[in-house]
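Give me coordinates for this.
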Amino acid sequence: MTETAHALGASRTLWELIDRRAALTPGRTALIQDDGRRLAFGELRDRCERVAAGLYALGVRPGTVVAWQLPTRIETVLLTGALARIGAVQSPVIPFYRDREVGFALRESKADFFAVPGTWRGFDHGEMARRLGARGVFDAYASLPDGDPAVLPPPPADGTSVRWIYWTSGTTSDPKGVLHTDRSLIAGGSCLAHALRLTPDDVGSIAFPFAHIGGADYLVMLLLYGFPAVLFEKFALPDALETYRRHGVTTAGGSTAFYAMFLAEQRKQPGEPVVPSLRLLAGGGAAKPPELYHAIVREMGVQLTHGYGMTEVPMITMGDPDDTPENLATTEGRPPEGMEIRIVDGEVRLRGEAVCRGYLDPAQTAAVFDPDGFLITGDLGHLTESGHLVLTGRLKDVIIRKGENVSAKEIEDLLHEHPAVGEAAVIGLPDPERGERVCAVLTPRPGAGAPPGLADVTSYLRKAGLAVHKLPEQVEVMETLPRNETLRKVLKYKLRERFSSTSAPLRSEKPHAHRRTRS
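Predicted structure coming up:
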């Protein structure tokens, strides 16, 4: 990390970091929207203050809880910076969440305001907000609040107060509100920037939801090193390739699914770089098959570094671009200075400044920290002699699809209400494009005929309010589910073993055979 970046990394608050970067390089580009709009670091600070003044006039004060459900767009970053200037508590919500998740987040956070994008990609977020009885709803895309910064109180000076509530599905049917401070997010972003060895000459990209905790990580990186990032409100390949090329993006990624998409495009034009300026793919959030690493390096001619993080700890380990191919292919990298990893009975535990303060629910907080203050992750792994972390599995019953957590229990609970379903077990199966795909294994309800097929399952779950990214892509039918002989718990590992080799979800056990196709 450069001397300047190291000094900026000591900032107490996110607003202090925004302000100091603006003072250093006010004219350098900070944000590039995929529609061509640009914003320099000085403009970012100034516009954030004007938005903060507008929010202040609406009644937003230090400590006020403001939820926002906005896609990856310049306006979203402006709102984030404005709330940081005031010292409000932010509750980002993934933009493709729907009534169930959004309603829970609004209730649990007790949000006083809710920023929405109006009608976005055919869905009316304002109508959903009204349906849920949200307070203080405003359309952040129609017009961000505006005002005179002279009315604002001094910016917050304390970086260790909880000012962020992120949401993760975890292993339960309801999301969990994860509590972060400015300092924990700055620590995570600083570690990521240091691991990736980025420079002011790089051009980054944010193709994932900015409401994901990775959005804050990336914003911190931009502010530390003073390089720009291209924001993709809607990411799809090959459509986005022209934007990557036009702006000379040097580093891209997000998760395993992103790597696979870039590789698929590269294979359409062997020997000709799909993005000539690209030198690095980086990300995390899902398992990375070693063969994918080798294929990226061999066929795309770029480096791939993969890491390990979670909503509770946005940056735990990260691959070093200068590390050996073996370590980059088979490990999650090493932890940065200040991140302690302890392996207890094969389970990964963590302690450090980037670790969250816990959850909104005090009982959940008490259960996740051990007596020494280490966060119990529920992930299984071991450290090599060189200090690299190797993950071997998860205790949590969670599916990671395209870098997003999907709770199996939430889907199972809904499927159990279906009149034709006897039992349901939802599992994650390896998928080269998604990291994992969601598979629902069903048994028939006696006297109700055959369980539903894939089309019926997805239609049923959509009507129940389940978010689109959680919908099963595969349905399998069995007469009975495998169980152990003691507590009669479903043996999901047996289901994974049985159906992992099913490349296309077309199989089922007789006598309930009927064709199923992937959504």
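
C-alpha from now on. contacts and neighbour counts both.
Will do.

got the domain boundaries for this protein?
3-383, 398-499 (automatic domain parsing).

and the ones you listed, which one's lowest on average pLDDT?
Among the domains of the chain, domain 398-499 has the lowest mean pLDDT, at a mean of 89.

Thr392 is nearest to which of the domains of the chain?
Ranking the domains of the chain by proximity to Thr392 (Cα to Cα) places domain 3-383 first, at 5.0 Å.

So what sits opposite Thr251 in the bridge?
Leu280 (DSSP bridges).

sec struct for Ser386, please.
Following DSSP: H, G, I helix; E, B strand; the rest coil, Ser386 is assigned to coil.

Just give me the neighbour total for it.
9 (other Cα atoms under 10 Å).

same deal with the one 5 residues further on?
Here the neighbour count serves as a burial measure; for Leu391 (other Cα under 10 Å) it reads 19.

can I assume it is in contact with Glu332?
Yes - counting by Cα atoms under 8 Å, Glu332 is a contact partner of Leu391 at 7.3 Å.

Dump the domains of the chain into JSON lines; add mean neighbour count as well.
Shown next, in JSON lines, are those (neighbours: other Cα atoms under 10 Å):
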{"stretch": "domain 3-383", "mean neighbour count": "20"}
{"stretch": "domain 398-499", "mean neighbour count": "19"}
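
how about the nearest residue to Val151 once chain neighbours are set aside, secondary structure?
In this structure, Val151 finds its nearest non-sequential neighbour in Ala53, 6.6 Å apart by Cα to Cα, 6 or more residues apart in numbering. When classified by three-state DSSP, Ala53 comes out as helix.

looking at it, Ala53 is touching Asp146, isn't it?
Yes - in this structure, Ala53 is within contact of Asp146 by Cα under 8 Å, at 6.2 Å.

Please enumerate the helices of the stretch 151-300 of the chain.
For the stretch 151-300 of the chain, the helices defined by DSSP state H, counting those that start in this stretch occupy 182-196, 213-225, 241-247, 256-266, 290-295.

I'd like to know which of these is closest to Gly338.
Comparing those by Cα to Cα, helix 182-196 comes nearest, at 9.1 Å.

So which other helices or strands are in contact with the host helix or strand of Cys439?
Cys439 belongs to strand 435-444 when assigned by DSSP states H and E. Strand 435-444 sits against strand 398-401, strand 421-431, strand 474-477, with contacts defined as 3 or more Cα pairs under 8 Å, 6 or more residues apart in numbering; DSSP states H and E.

in its sheet, what does the longest one sit against?
The reference is to strand 421-431. strand 435-444 (antiparallel).

between the strand it pairs with and helix 256-266, how big is the angle?
110 degrees (axes from the mean of the first three to the mean of the last three Cα atoms, to 10 degrees).

give the contact list for the residue most central in space within the chain.
Nearest to the mean C-alpha position of the chain, counting by Cα atoms, centre = their mean, stands His212 at 4.0 Å. Neighbour list for His212: Pro92, Val93, Ile94, Tyr166 [criterion: Cα atoms under 8 Å, 6 or more residues apart in numbering].

The same query, at a cut-off of 10 Å, please.
Counting by Cα atoms under 10 Å, 6 or more residues apart in numbering, His212 touches Thr72, Pro92, Val93, Ile94, Pro95, Tyr166, Trp167, Thr168, Thr311, Pro314, Gly403, Glu404.

One more: Met318?
Met318 touches 191-196, 282-284, 305-309, 328, 331-336, 388-389, counting by Cα under 10 Å, 6+ apart.

Surely Gly307 is in contact with Pro336?
No - Gly307 lies out of contact with Pro336 (Cα atoms under 10 Å); the separation is 11.3 Å.

any residues in contact with both of the two?
Leu192, Ala195, Met315, Ile316, Thr317, Met318.

Let me know the closest of the residues you listed to Gly63.
Using Cα to Cα, the shared contacts of Gly307 and Pro336 come closest to Gly63 at Met315, 25.8 Å.

Can you add distance to Phe208 and give the helices and strands packed on strand 435-444 back as a markdown table?
A markdown table is the format used below for the helices and strands packed on strand 435-444 (distance: least, Cα to Cα, whole Å):
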| stretch | distance to Phe208 |
| --- | --- |
| strand 398-401 | 13 |
| strand 421-431 | 19 |
| strand 474-477 | 24 |
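
For Gly118, find the nearest of those.
strand 398-401 (26.7 Å).

Other residues contacting the closest one?
Against strand 398-401 from outside (Cα under 10 Å, 6+ apart): 169-172, 255-257, 285-287, 404-409, 426-431, 433-439, 469-470.

just stretch 333-340 next, same as before
187-188, 190-192, 194-195, 305-308, 313, 315-321, 323, 327, 341, 349-355, 374, 383-384, 386-390.

hmm, 8 Å instead?
With Cα under 8 Å, 6+ apart, stretch 333-340 has contacts from 191, 195, 306-308, 316-320, 327, 341, 350-354, 387-389.

now, which of the residues you listed lie within strands?
His306, Gly307, Tyr308, Thr317, Met318, Ile341, Leu350, Arg351, Leu389 (DSSP state E).

now, which of those residues sits nearest Glu3?
Met318 (21.0 Å).

any idea how far the nearest residue to the closest one once chain neighbours are set aside lies from Thr256?
In space, and not counting its chain neighbours, Met318 is closest to Gly307: 3.9 Å by Cα to Cα, 6+ apart. To Thr256, Gly307 is 11 Å away according to Cα to Cα, to the nearest Å.
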